[in-house]
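S.K.: attaching a predicted model along with its sequence, questions to come.
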Amino acid sequence: MLRALRNIHRLLTIARVLARHDALAVVDLPVARLLSSLLRLGRPPVHEGRPGQRLAAALSELGPTFIKLGQALSTRADLLGEEMAADLSQLQDKLPPFPTKEARRIIADELGAAVEDQFIAFDDEPVAAASIAQVHFAIAADGREVAVKVLRPGVENAFKRDIDLLYWLAEWGELTQPKLRRLRMIDSVKTFEDSVVLEMDLRFEAAAAAELAENFVGDDTFRVPAVDWLRTGKRVLTLERVYGIPVDEVAAIAAAGHDPDEVLKKCSESFFNQVFRDGFFHADMHPGNLFVDSSGNLVAVDFGIMGRVDTATRRFLGEMLIGFLNGNYRRVAEVHFEAGWVPAEQSVDSFTQACRSIAEPILGRPLHEISIARLLGQLFAITETFSMQTQPQLLLLQKSMLVAEGVGRRLDPTVNMWEMARPLIENWMRAHLGPEARIKETLVSAVHTLERLPRVLAESEKAYSMLVGGGLKLHPDTLKDFVDLRRKRAHPGWLPWVLVAILAGVLLAK
């Protein structure tokens, strides 16, 4: 009851903010428009523009959790439509900075020493202030130039309150609207929660930066700043300071003597390597987080939002991508069924037709205008027709692809970055899906089975010895469970003993 009252109170506060910006109108129902007008007490809205722009302004006012939520919703064109999703993707993760005095206090508490003991110099004016943290430039005690990220005070408690509200709404939605269950709303909230919880523990961000750097050892085209672990904790992260040109400043890149097309090629290859080669990718690589250094190579920052794709999903994605590029829509459809993304009772033929209807208008455009991310977005939009379950991990990937495409078009609008990466994709597919790869996979599986065989035989021999020497000794809890089950008539009381007898028979037969 207390939870419900607390969430209803918070919901009313949110509704008033949404109404003030006329953002409730995104729900295209007369009752929403009436409620919006009532909550404004007849006053005009403070914001004009498209529904998505009004919603973005309202979410920004509601604070850190809802800024992050808006960015997550920007991947859900299947729910909101492409225009609104595009408007939410422009939501700026910026808030006024908190006092430097607070930042210094947090650093001292977290690192166990005053700022003056950790740094020779510390800029009081933050260089960036976002919903989760803000960044100050400094010089470490050993003389290295660094960037110090400090968690915003109070953000953890505010997030816990708001995430409980989102769970509450998702639970009620799935309970009262069975049709919404395919959207996996609770799972989506869990994915959102996990990503933000990780982002609020700066030690995880440090670990993500270190892992990404390790994946690119020996590859100078993509670099990650070094972590200063001695000056890093849960609420403080210290990284090597980065110098470079933001990747979207094409004129400045050219003026520095770098070829924008070569930079685009490096962007394309680094994104492919992160997703397909490593299965671990930077999921927020917008121009503010990606720079071109003095050598013309890429340097990334801000590792709070990272994505993972397991090997099986990478294979499905690779087959799906090649199927689309080659016009083999039947194979695209089959991949969805093999992955379990579309229920088996659906028609493969009908889904093939749907894939063609989505892909032809996009792939039929001039090469440089083709958007693979938009293609995935359109594919997610047909989920209801075929009872497809939402795949939260793919939504983050699609968002990352949209951002990468945006960067690519800024660098050279006449070049398609996915076509540049196509040879890498095809080579990866041959290595992981060709006959040799399948033979290798079969051999590895056989070796693992043989490695387990001695243990299986040992356990079998032990069970056999126990049977011959006086029977199997069951744990008291197991016996108690058998008795309880018998009393409850959950199944016939003789069934466990029949199972034991069958097991004994099998072992003695050997």
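M.R.: Received it, and whenever you're ready, just let me know what you need.
S.K.: please count neighbours and contacts with C-alpha atoms only from this point.
M.R.: Noted.
S.K.: give me the neighbour count for A140.
M.R.: Using other Cα atoms under 10 Å, A140 is surrounded by 23 other residues.
S.K.: bridged to it, which residues?
M.R.: Per DSSP bridges, the residues bridged to A140 are F119.
S.K.: wait, it touches Q118, no?
M.R.: Yes. Counting by Cα atoms under 8 Å, A140 does reach Q118; the two are 6.3 Å apart.
S.K.: how close does the nearest residue to N215 once chain neighbours are set aside get to T311?
M.R.: With Cα to Cα, 6 or more residues apart in numbering as the criterion, N215 has its nearest non-adjacent residue at 7.1 Å, and that residue is D278. The gap separating D278 from T311 is 9 Å, by Cα to Cα, to the nearest Å.
S.K.: which one's more surrounded, the two?
M.R.: Between D278 and T311, counting by other Cα under 10 Å, D278 is the more crowded of the two (17 against 14).
S.K.: now do the phi/psi pair for the more buried one.
M.R.: The phi/psi pair for D278 (degrees, to the nearest 10) reads phi -100, psi -30.
S.K.: that one against F216, yeah?
M.R.: No. D278 is not in contact with F216 according to Cα under 8 Å; the separation is 9.6 Å.
S.K.: where does pLDDT dip in the stretch 101-250 of the chain?
M.R.: Counting by pLDDT under 70, the stretch 101-250 of the chain contains low-confidence residues at 179-180, 182-183.
S.K.: could you pull out the strands in it for me?
M.R.: Taking DSSP state E, counting those that start in this stretch to define them, one finds strands in the stretch 101-250 of the chain at 119-122, 128-129, 133-140, 145-151, 222-223, 236-240, 245-246.
S.K.: can you lay out these as JSON lines showing distance to L411?
M.R.: Output for the strands of the stretch 101-250 of the chain, formatted as JSON lines (distance: least, Cα to Cα, whole Å):
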{"stretch": "strand 119-122", "distance to L411": "35"}
{"stretch": "strand 128-129", "distance to L411": "24"}
{"stretch": "strand 133-140", "distance to L411": "27"}
{"stretch": "strand 145-151", "distance to L411": "27"}
{"stretch": "strand 222-223", "distance to L411": "17"}
{"stretch": "strand 236-240", "distance to L411": "26"}
{"stretch": "strand 245-246", "distance to L411": "11"}
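S.K.: got the contact list for R181?
M.R.: Each residue near R181 by Cα atoms under 8 Å, 6 or more residues apart in numbering is listed here: E174.
S.K.: measure it to Q389 for me?
M.R.: Separation of R181 from Q389 (Cα to Cα): 8 Å.
S.K.: okay, now T176: neighbour count?
M.R.: 11.
S.K.: distance of it relative to L24?
M.R.: Separation of T176 from L24 (Cα to Cα) stands at 21 Å.
S.K.: excluding its backbone neighbours, what's nearest A114?
M.R.: Nearest non-adjacent residue to A114, counting by Cα to Cα, 6+ apart: A108, 4.7 Å away.
S.K.: wait, the one you found touches V115, no?
M.R.: Yes. At 6.0 Å, A108 and V115 qualify as touching, with contact defined as Cα under 8 Å.
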